[in-house]
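Novice: Could you work out the structure for the sequence below:
(chains A, B, C, D and E)
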Amino acid sequence: MALLETDDKQDPGLSMPSEKESAAIPERPRSRPGVVAAAVYEHGQRTHDIEIQEAHKWRGREKAVVWIGLHEPDEALLREVQAEFGLPELAIEDANHAHQRPKLEIYGDSIFVVARTAHMGGGEIVFGETHLFVGRGYVVSVRHGPSTSYNLVRQRCEASPAALAHGENYILYSILDFIVDNYMPVVEGIHAEVEELEERVLRDRLDKKDIERLYFLRRSLLRLRNAVVPLVDVCRRHEHLDLPGMDATLHALFRDVTDHVRRVQEDIDTLREVLAFTFEASLMIGQSEQTEISRKLASWAAILAVPTAIAGIYGMNFEDMPELKFKYGYFVILGFIIMVCSMLYRMFRRAKWL
Amino acid sequence: MALLETDDKQDPGLSMPSEKESAAIPERPRSRPGVVAAAVYEHGQRTHDIEIQEAHKWRGREKAVVWIGLHEPDEALLREVQAEFGLPELAIEDANHAHQRPKLEIYGDSIFVVARTAHMGGGEIVFGETHLFVGRGYVVSVRHGPSTSYNLVRQRCEASPAALAHGENYILYSILDFIVDNYMPVVEGIHAEVEELEERVLRDRLDKKDIERLYFLRRSLLRLRNAVVPLVDVCRRHEHLDLPGMDATLHALFRDVTDHVRRVQEDIDTLREVLAFTFEASLMIGQSEQTEISRKLASWAAILAVPTAIAGIYGMNFEDMPELKFKYGYFVILGFIIMVCSMLYRMFRRAKWL
Amino acid sequence: MALLETDDKQDPGLSMPSEKESAAIPERPRSRPGVVAAAVYEHGQRTHDIEIQEAHKWRGREKAVVWIGLHEPDEALLREVQAEFGLPELAIEDANHAHQRPKLEIYGDSIFVVARTAHMGGGEIVFGETHLFVGRGYVVSVRHGPSTSYNLVRQRCEASPAALAHGENYILYSILDFIVDNYMPVVEGIHAEVEELEERVLRDRLDKKDIERLYFLRRSLLRLRNAVVPLVDVCRRHEHLDLPGMDATLHALFRDVTDHVRRVQEDIDTLREVLAFTFEASLMIGQSEQTEISRKLASWAAILAVPTAIAGIYGMNFEDMPELKFKYGYFVILGFIIMVCSMLYRMFRRAKWL
Amino acid sequence: MALLETDDKQDPGLSMPSEKESAAIPERPRSRPGVVAAAVYEHGQRTHDIEIQEAHKWRGREKAVVWIGLHEPDEALLREVQAEFGLPELAIEDANHAHQRPKLEIYGDSIFVVARTAHMGGGEIVFGETHLFVGRGYVVSVRHGPSTSYNLVRQRCEASPAALAHGENYILYSILDFIVDNYMPVVEGIHAEVEELEERVLRDRLDKKDIERLYFLRRSLLRLRNAVVPLVDVCRRHEHLDLPGMDATLHALFRDVTDHVRRVQEDIDTLREVLAFTFEASLMIGQSEQTEISRKLASWAAILAVPTAIAGIYGMNFEDMPELKFKYGYFVILGFIIMVCSMLYRMFRRAKWL
Amino acid sequence: MALLETDDKQDPGLSMPSEKESAAIPERPRSRPGVVAAAVYEHGQRTHDIEIQEAHKWRGREKAVVWIGLHEPDEALLREVQAEFGLPELAIEDANHAHQRPKLEIYGDSIFVVARTAHMGGGEIVFGETHLFVGRGYVVSVRHGPSTSYNLVRQRCEASPAALAHGENYILYSILDFIVDNYMPVVEGIHAEVEELEERVLRDRLDKKDIERLYFLRRSLLRLRNAVVPLVDVCRRHEHLDLPGMDATLHALFRDVTDHVRRVQEDIDTLREVLAFTFEASLMIGQSEQTEISRKLASWAAILAVPTAIAGIYGMNFEDMPELKFKYGYFVILGFIIMVCSMLYRMFRRAKWL
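Specialist: Presented below is the predicted three-dimensional model:
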């Protein structure tokens, strides 16, 4: 029961969580693998840290909320949690093997929410999946893949007991809000790369490495979009959910999350279109460059063909070539070659081919 | 009546069906061609294997479900089945000649479902069509084309009698779920090929064979999409079907299938977009390559034009060319040529043309 | 009155109509130009062939249906028909000058349907327009342009009197079904051409003639789509039409037509996308070919520049060029040239430029 | 009051108006600038030509309709008209400065309609704007820009008094129908140009002038589409307008206009797509041409490199070049050159490079 | 309290505000930073200038409206304002950090509106954000970023007291109308640039600078579109808002704003499509130019290869080359070269390669 407290003490940095740290919070191995935290909250205060099998005792109590955080639990653990809270069978099966689309499902008074998470890790976008079971007096979060721990959400919630007293729905809101918040640095990271790329496409030109980068940015945005777009609908449905304890204040909070996730979607769509523009600009610049090179090539070929042709003629071995015997014939021809070449040069220059 | 049992015995591998095997289950010729299986289930237990013409006897009985599996039946057989269950005329006509769009049609208490199936066969996607007649106390499945046999579904259902006791709707769910499940390896196969292609487009360059592959991948995804997209609607309508025996549990199961098929659709759409990106990346890389070659060609042409032009000039046969008589004139000119050429070379190098 | 019978007798081939013939049925000039057929059906049996001006006598009778087929009637004839059946003024004006969009209009108990027809004629798609006036006890079909005659529909209907006994709505269904059926060979014809083109684009390369073909296929599909897409809506509205004598059986038949026309639309859309892929594949292949040629050109230019440059140098007329006086100097240089050239050749070969 | 009559007499051609003339009807300056016509109609007959300030006297009368046509009125005139009919303030402000989107606004019993007009003028599409105020007993049309005069509509209406007796709604219908009718020649004009362009792109090749033409056709279609698309909605809403005197007959007429404007939209969309195809065909043809030229260039370069290289070698001045002293050496080499060149020529020919 | 009056006096130009000036109104630092203006209006007349902390005194009074204008207020100020009017917590948080999507939120009787503003500044589009809190008897506007001051709106409102007497909703309308009005010069600025670009692409050709300009125009339009599109929905919802004091007149005014913002959206979409056409035209022109250059290059290469090859041959040093000894041999060959070259020239000319 003292587990989480020690957890906090061992990682004191957590008390002032910042954007950066949150992605890097090390998850201390707990006594039971798969359980990140399990606690009871009464009137917004954390009153007990519990074991999974104690959960059902707390569930019925007025104003008590059990909040359990799992990370890639094995099936046995999941089944145990299911038994404690009577979670719906199908949702458990979904939670058991990840790769669900973001969705909201309602089972009587309880709901099951799937969301995809994203954060930057090692220069790459790392995607995860979170399943949330929320019902009267409990919240169970199940994280899959390398997503950010929700310990930070827990701490923020504990820091404002008045809000947390709203119960399970407030916790649900906090987690969703956190997930959506975490999209922002990812989008901003892509944004920065996109700006770098467009700088390059317009100033220099894209090399193979840039094209590869452009390609992977488009793919990343596509995946991010797949995570975000269905979540818009999930969030919007929360605005009108008619669950016990879901009041106007909470609806307003969920509306706020919806606005937020929509803004993320708008940013993603904007970036996608910008990259399409970048592609087209790159084509145009490439084409204009190609034309320029062809022009230069043609111009120089023309200029250099002159001495070759003339010299060739005077290199012929005819016995009777009067010019060859002229005095200064050589210099006249040399002068003629230079004159024609420089004339051509100026001509091409004027036509902007050179 | 003992037919199916022998069927099972002859092919004992079937008792441990795996993803791979399922595509390869050989269909033992039954006494009657076109009939794969015909059995009565009571309380989730297979109680009798029957002949088609006995079906009507069982249809009326409480808690009994007749499940008949046909494969490319001739019209006579289809008409017989129609007579046994009173299947709707139009649906029978549809079933008689394949090439229907996936759809759900309701005829009073019975429904008619068309779905397209897909599996990998010999490196190609193989499409089939399945027609399902479901009504009170019976399920008739009619497979067209090279689709996977539903014996596997039958075995899975028989393995969980409690679920099967839900009757015909559970069987319907099981078949749809199976069809949707079978899309996954196809999508994954295409996914693997797409990744290989994008690897190639970004590292090497696409040759004609790759472009052909890209082309056929796009076509395959298009056909797969045509199979999957109308099925989303079919599945969603099942979630709210108000048929006898269709309870909340079954609705939840159908919702699960809908989620599943939507996820397949999302994957297909993602792959389609990725292939569009691949096309664009290929254009960009091709263009940048073309530019590079032009630059190299122009650079070398310029460098090599120097000795040609100079040598040409000193190859002229003028009588009065003083340089020709200079001692070391040849070496000076040779040196001059080398100098100019290497100057040009360094110039192009610096401009990254070479 | 005996007109139609003689019509049938003169063209006995009509009794075994096939897909091919139907497009080529010659329309024998009737006594009155513009009238293809005019008959009364009672209980599904053709009982009288009539003149237009007799029509109103039959209209009121229980279970009698007057079915008149017109082909590009002049306005006088149309006005006469209008008077007989009290057809709506606006619809008559529409029917008078073709070029309407497919639509369904309801005027009290009667309806006005416009559909576009298509069939292959001389390697080209030929488009026509059909206007249908359907009301209690009558069907008037007006064909414009080179569409297929509906005599075939008439014969099919007469062959199944039980169905025809459903009255005017069944005739309406039969004609719509026939129109939609006739799209199929057109779509299949385009399909065959598309496959030929994609074969060519991937194996050989598209010449100007192919590009022209591709272009016209896209245009044809566009026109076909314009004919089909609004018809989907027309057919779907028929599924729920609440007209006298329109029962569940007929609604099911119309649903069948809707499915059919939707399938045609899906096929068209698939072909359109395939042609877009063909365009993109053609661009890619063209680009890759261009690159290949440039590479070859550059390689050979480089290889051939070597003897030119070297020979140029030893063709200079300097008095003091020691190599010229070396014994075997010529052979050494010749060998040197060959060596450098073959070295270059192997280099380009290895780089896959040659 | 006699003004309009004289107007008719002065321009007798107007009595047989044709498509062409209608675009060129000269508007005779009336006593009051901005007022094109102002008349009272009773029972479908024009009974009085009036001054603006008399209008209110007629407005109340049973079966009388005041129809005023204005062309770019100044604000004073507009205010006067507003006072006479109690027109809504906001609509007047809109009418005062053009550049509105097509729309239908309802103010109690009266409506305000904005439509964009288009006609061909001097080879260009000329766009105008018309504002219509329609209420019980009056129609006020306000034209902006170089649109076609509605005198023609007035004459047509006056020619069918029975229809005109329907009152202001019939006039509204007539004007809208006229506006939509006028789109047709514009669309047909573009159509003709598009066909010319596609002829050129497929037979010859597009020069800069053609590309410019293509560009401006696309822009024109875009502007035309902006005029037409919102009008579809405006017309459709008229089909269900519940205004005094708007009966089923008129609803049918408005439905007819809707069909018409939809057909125009369909034509525009078709042309837009055709131009997109033209662009793509042009790209493909351009690319294939480029490839062809490269091939030819490469082939000839290769062929001509042979004599240059060989001649270069035998132009070297080595003392010891035995071939030079061979009898017929020159002719052998000449023959060799010709042989190699013609071999290359045939090789390229066979590979279809030449 | 006299602040605003002095403000007006100090900047007398404000009394005749024009489009240009409005963007440049200097904001005089007020006693309290962040507060631009704070005044009470009674019956459409400005009666008192107040301090923030006096606001609540006026709020309850019949017919009095408090209008406060803030510019990038600090949180303390915002909190104070919140306390005075009881503004909703979440909206205040939104207002505190900008970057919201345009939206309309309803909190009981009060609303919260977010809009994005745009104006031209230094040749660039400058985007800002405005948050509006409107409730019974008050309007609070909060500007973020470099948007145009609303002092101009205030003056216009004060100039028409009758309209202003409508209260807070009229002020809200005025501000929204002003924001939408301010989009117009931005759109027109882009329009002018687009026309310049299309002139260039069709006459000359696009250089890198033009492509960059094209690229940034597309991005600007994208951002502008992101500002405008959600505002359409916000404005439309205002048309039906059921707030105290929101009558038919105001609904009509909001409908007018909706029309206006829709027109802006239409213009933006048109410009976006035009730029897409420009891109495609640029590709086509680039390709046709490239082809032309290749043709010219090939033609000249062919023409110049003739003297080189022939001269090369007669530059060979064979002992036995009879032509070399012919009298006038040189002139014959020279003539031959000239003849062949001019023949080729005319040939290429005729084929339009030169």
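Novice: Report the contact partners of the nearest residue in space to residue A:146 that is not next to it in sequence.
Specialist: Among residues not flanking residue A:146 along the chain, residue A:126 sits closest, at 4.8 Å (Cβ to Cβ, 6 or more residues apart in numbering or on different chains). Any C-beta I mention is one placed from the backbone N, CA and C, and that applies to glycine too. With contact taken as Cβ atoms under 8 Å, 6 or more residues apart in numbering or on different chains, residue A:126 is in contact with A:118-120, A:145-147.
Novice: what secondary structure does residue A:126 sit in?
Specialist: Under the three-state scheme (DSSP: H, G, I helix; E, B strand; the rest coil), residue A:126 adopts strand.
Novice: Quick check: the two most widely separated of the contacts of residue A:126?
Specialist: Every pair in those was compared (Cβ to Cβ); the two farthest apart turn out to be A:120 and A:145, at 14.4 Å.
Novice: coming back round to it: and the contacts of residue A:126, which are buried?
Specialist: Buried members of the contacts of residue A:126, counted by 16 or more other Cβ atoms under 10 Å in any protein chain shown: A:118-119, A:147.
Novice: Residue of chain A nearest chain D, please.
Specialist: Residue of chain A nearest chain D, by Cβ to the nearest Cβ: residue A:315 (7.0 Å).
Novice: Is it correct that that residue is in contact with residue D:316?
Specialist: No: using Cβ atoms under 8 Å, residue A:315 makes no contact with residue D:316, being 11.5 Å away.
Novice: Touching both of those two, which residues are there?
Specialist: Joint contacts of residue A:315 and residue D:316 (Cβ under 8 Å, 6+ apart) are residue C:315.
Novice: quick one: residue A:55 from residue A:138, how far?
Specialist: Going from residue A:55 to residue A:138 by Cβ to Cβ, to the nearest Å gives 7 Å.
Novice: Please enumerate the shared neighbours of the two.
Specialist: By Cβ under 8 Å, 6+ apart, the residues touching both residue A:55 and residue A:138 are A:66, A:68, A:85.
Novice: does residue A:353 count as helix, strand or coil?
Specialist: Classification of residue A:353 using three-state DSSP returns coil.
Novice: Am I right that residue A:134 is in a strand?
Specialist: Yes: Residue A:134 forms part of a strand when assessed by three-state DSSP.
Novice: Show the contacting residues for it.
Specialist: By Cβ under 8 Å, 6+ apart, the residues touching residue A:134 are A:110-113, A:140, A:168-169, A:171-172.
Novice: Let's see which of those residues end up in strands.
Specialist: Cross-referencing the contacts of residue A:134 against strands under DSSP state E gives A:110-113, A:140.
Novice: what packs against the helix ranked longest in chain A?
Specialist: Looking across chain A with DSSP state H, the single longest helix is helix A:248-314. Contact here means 3 or more Cβ pairs under 8 Å, 6 or more residues apart in numbering or on different chains; DSSP states H and E; on that basis helix A:248-314 packs against helix A:168-203, helix A:208-238, helix A:329-350, helix B:248-314, helix E:89-96, strand E:103-107, helix E:208-238, helix E:248-314.
Novice: Mind doing that once more with 7 Å?
Specialist: Here helix A:248-314 touches helix A:168-203, helix A:208-238, helix A:329-350, helix B:248-314, helix E:208-238, helix E:248-314, going by 3 or more Cβ pairs under 7 Å, 6 or more residues apart in numbering or on different chains; DSSP states H and E.
Novice: What is the burial count for the residue in chain A positioned nearest to chain C?
Specialist: Nearest to chain C, among the residues of chain A, is residue A:315, at 6.9 Å (Cβ to the nearest Cβ). The local packing of residue A:315 (other Cβ atoms under 10 Å in any protein chain shown) involves 25 other residues.
Novice: what helix or strand does residue A:70 sit in?
Specialist: strand A:64-71 (DSSP states H and E).
Novice: now chain A, which segments are flagged as low pLDDT?
Specialist: Along chain A, the parts satisfying pLDDT under 70 run over A:1-31, A:98.
Novice: if you set the cut-off to 50 instead, what comes out?
Specialist: A:1-30 (pLDDT under 50).
Novice: What residues does it have near chain E?
Specialist: A:202, A:252, A:256, A:259, A:262-263, A:266, A:270, A:273-274, A:277, A:280-281, A:283-285, A:287-288, A:290-291, A:294-295, A:298, A:301-302, A:305, A:308-309, A:312-313, A:315-321 (Cβ under 7 Å from any Cβ of the partner chain).
Novice: List the residues that contact residue A:220.
Specialist: Applying Cβ atoms under 7 Å, 6 or more residues apart in numbering or on different chains to residue A:220 gives the contacts A:125, A:190.
Novice: any idea how far residue A:275 is from it?
Specialist: From residue A:220 across to residue A:275, the span is 10 Å (Cβ to Cβ).
Novice: Kindly report the same for residue A:186.
Specialist: 15 Å.
Novice: can I get the CA coordinates of stretch A:302-310 in CSV?
Specialist: Provided in CSV are the C-alpha atoms of stretch A:302-310 (Å, rounded to 0.1, in the frame of the first residue of the first chain):
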residue,chain,number,x,y,z
ALA,A,302,26.7,25.5,-79.6
ILE,A,303,29.6,27.8,-78.6
LEU,A,304,32.2,25.0,-78.6
ALA,A,305,31.0,23.5,-81.8
VAL,A,306,32.2,26.6,-83.6
PRO,A,307,36.0,26.2,-83.1
THR,A,308,35.6,22.4,-83.6
ALA,A,309,33.9,22.8,-86.9
ILE,A,310,36.1,25.6,-88.3
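Novice: How far off centre is that stretch?
Specialist: 58 Å (Cα atoms, centre = their mean, to the nearest Å).
Novice: same deal with stretch A:260-274?
Specialist: Taking mean C-alpha positions (Cα atoms, centre = their mean), stretch A:260-274 and its chain are 11 Å apart.
Novice: Smallest distance to chain E belongs to which residue of the stretch 51-200 of chain A?
Specialist: Counting by Cβ to the nearest Cβ, the stretch 51-200 of chain A gets nearest chain E through residue A:198, at 7.2 Å.
Novice: ditto for the stretch 101-250 of chain A
Specialist: Closest residue of the stretch 101-250 of chain A to chain E, Cβ to the nearest Cβ: residue A:202 (4.7 Å).
Novice: Report how many residues lie close to that residue.
Specialist: 19.
Novice: Please apply the same query to residue A:40.
Specialist: By other Cβ under 10 Å, 23 other residues sit near residue A:40.
Novice: before we move on, the earlier item: most surrounded residue in the shared contacts of residue A:55 and residue A:138?
Specialist: Among the shared contacts of residue A:55 and residue A:138, the one with the most neighbours (other Cβ under 10 Å) is residue A:66, at 25 neighbours.
Novice: Quick one: name the residues of chain A near chain B.
Specialist: Going by Cβ under 7 Å from any Cβ, the residues of chain A near chain B are A:90, A:100-101, A:103, A:206, A:208, A:211-212, A:215, A:218-219, A:222, A:226, A:279, A:282-283, A:286, A:289-290, A:293-294, A:296-297, A:300-301, A:304, A:307-308, A:311-312, A:314-315, A:317, A:324-325, A:327-330.
Novice: is it true that residue A:171 touches residue A:139?
Specialist: Yes: using Cβ atoms under 7 Å, residue A:171 is in contact with residue A:139, at 4.6 Å.
Novice: shared neighbours, these two?
Specialist: Contacts common to residue A:171 and residue A:139, judged by Cβ under 7 Å, 6+ apart, are A:65, A:67.
Novice: and the strand holding residue A:70, what does it pack onto?
Specialist: In terms of contacts (3+ Cβ pairs under 7 Å, 6+ apart), strand A:64-71 is packed against strand A:35-42, helix A:55-59, strand A:138-144, helix A:168-203.
Novice: Give me the distance between the shortest one and the centre of its chain.
Specialist: Taking Cα atoms, centre = their mean, one finds the center of helix A:55-59 at 39 Å from the center of the full chain.
Novice: Quick one: residues contacting whatever residue of the stretch 251-354 of chain A ends up closest to chain B.
Specialist: Minimum separation of the stretch 251-354 of chain A from chain B (Cβ to the nearest Cβ) falls at residue A:311, amounting to 3.3 Å. Counting by Cβ under 7 Å, 6+ apart, residue A:311 makes contact with B:312-313, B:315-316.
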